[in-house]
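A.B. asks: can you look at this prediction? I've put the sequence above it.
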Amino acid sequence: MTYDPAVVSYGQLLQIYFSVAHNPTQLNYRGPDHGTQYRSTIFPVSDARADSARTYIAELDKAGLFEGPIVTTIESFKAFYPAEQYHRDFLTLNPTRPYIVANDLPKIGALKALFPDEYRDKPVLVGTL
């Protein structure tokens with residue numbers, strides 16, 4: 001993900017990631033999907049961002065907000081690999097698919113409810129970049 005820190009801070013991204021994107025106590029799965037490709041991981045592009053993520057995770061663990069320890073890993077960023085064409089903008093192109101309805105639309109609803117200032121009704125689509 002790239003972002004403009006003048007619009008949203010790295011701290012805000014971490015807050016959203018841990019609040020609505022997934023359950024950070026689940027190792028190697030998200031919803032019904034299993035495997036290391038579904039692991040909870042952050043790939044920071046600098047040591048400062050890695051330190052910020054570690055500090056944030058430690059604060060969340062200390063606060064006891066989750067029913068178990070956070071298993072999110074922090075791994076060195078090496079390269080970006082774009083998703084296959086059929087995965088790009090999948091939610092927007094397939095909003096009624098049972099997987100989307102059950103697993104992703106609740107996250108969109110949580111984003112809108114918890115972070116209304118960061119939420120936008122019209123997403124930036126990969127296909128338009």
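C.D. replies: That came through fine.
A.B. asks: in this protein, which spans are strands?
C.D. replies: With DSSP state E as the criterion, the chain has strands at 29-30, 33-34, 41-42, 73-74.
A.B. asks: and the lowest-mean-pLDDT helix or strand in the chain, which strands flank it?
C.D. replies: Using mean pLDDT, DSSP states H and E, strand 29-30 stands out as the lowest-scoring helix or strand of the chain, at a mean of 84. The strands beside strand 29-30 in its sheet (DSSP bridges) come out as strand 33-34 (antiparallel).
A.B. asks: give the rounded mean pLDDT of the strand it pairs with.
C.D. replies: For strand 33-34, mean pLDDT is 90.
A.B. asks: and for Thr72, the neighbour number?
C.D. replies: 23 (other C-beta atoms under 10 Å). To be clear about C-beta, it is placed using only N, CA and C from the backbone, and glycine gets the same treatment.
A.B. asks: ok, now which ones touch it?
C.D. replies: Neighbour list for Thr72: 18, 24, 40-42, 57 [criterion: C-beta atoms under 8 Å, 6 or more residues apart in numbering].
A.B. asks: could you list the low-pLDDT ranges of the protein?
C.D. replies: 1-2, 128-129 (pLDDT under 70).
A.B. asks: 90 instead, please
C.D. replies: By pLDDT under 90, the low-scoring segments of the chain are 1-5, 7-8, 22-23, 27, 29-33, 37-38, 80-87, 118, 122-129.
A.B. asks: which stretches of it form helices?
C.D. replies: Taking DSSP state H to define them, one finds helices in the chain at 10-16, 47-63, 90-93, 98-99, 105-114.
A.B. asks: which residue, other than its chain neighbours, is closest to Pro69?
C.D. replies: Closest residue to Pro69 apart from its sequence neighbours, by C-beta to C-beta, 6 or more residues apart in numbering: Asp61 at 6.1 Å.
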